[in-house]
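Asker: I need the structure of the sequence given here:
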Amino acid sequence: MATGYTEEFRHDAVRIATTSGLTRPQIASDMGGGLSTLNKWLLPIFA
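Answerer: I've put the predicted structure just below:
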């Protein structure tokens with residue numbers, strides 16, 4: 001189910017995931033998003 005994340009939220013999540021050293025599950029939990037959604041946003045960066 002789509003929750004309509006804003007572009008700012010997406011950019012923040014990707015920035016945190018690529019710079020913080022936290023695990024993806026921890027970031028998704030902390031930000032209130034889904035792990036699979038975060039992974040989808042990161043796929044183009046790590047592909």
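Asker: distance of the residue positioned nearest the centre of the chain relative to residue 10?
Answerer: Against the mean C-alpha coordinate of the chain, by CA atoms, centre = their mean, the closest residue is residue 38 at 3.3 Å. Distance, residue 38 to residue 10, by CB to CB, to the nearest Å: 9 Å. C-beta coordinates here come from the backbone N, C-alpha and C atoms, glycine included.
Asker: do residue 42 as well
Answerer: Remark: distance between residue 42 and residue 10 (CB to CB) = 10 Å.
Asker: ditto for residue 27
Answerer: According to CB to CB, residue 27 and residue 10 sit 12 Å apart.
Asker: give the buried residues for the least confident helix or strand in the chain by mean pLDDT.
Answerer: Ranked by mean pLDDT, DSSP states H and E, the weakest helix or strand in the chain is helix 35-46, scoring a mean of 94. Within helix 35-46, the residues that qualify as buried are 37-38, 41-42, counting by 16 or more other CB atoms under 10 Å.
Asker: which stretches of this protein aren't confidently modelled?
Answerer: For the chain, the stretches flagged by pLDDT under 70 are 1-3.
Asker: now do the helices in it.
Answerer: Applying DSSP state H to the chain gives helices spanning 7-19, 24-31, 35-46.
Asker: quick revisit: what's in contact with the least confident helix or strand of the chain?
Answerer: 5, 10, 13-14, 17-18, 24-25, 27-28, 31 (CB atoms under 8 Å, 6 or more residues apart in numbering).
Asker: try it again at 7 Å.
Answerer: The contact list for helix 35-46, computed with CB atoms under 7 Å, 6 or more residues apart in numbering, reads 10, 13-14, 17-18, 24-25, 27-28.
Asker: before we move on, what about stretch 7-17?
Answerer: By CB under 7 Å, 6+ apart, the residues outside stretch 7-17 that reach it are 22, 24, 27, 31, 33, 38, 41-42, 45.
Asker: let's see it at 8 Å
Answerer: Against stretch 7-17 from outside (CB under 8 Å, 6+ apart): 22, 24, 27-28, 31, 33, 38, 41-42, 45.
Asker: list the buried ones in it?
Answerer: 13-14, 16-17.
Asker: what's the offset of that stretch from the middle of its chain?
Answerer: The chain centroid and the centroid of stretch 7-17 are separated by 6 Å under CA atoms, centre = their mean, to the nearest Å.
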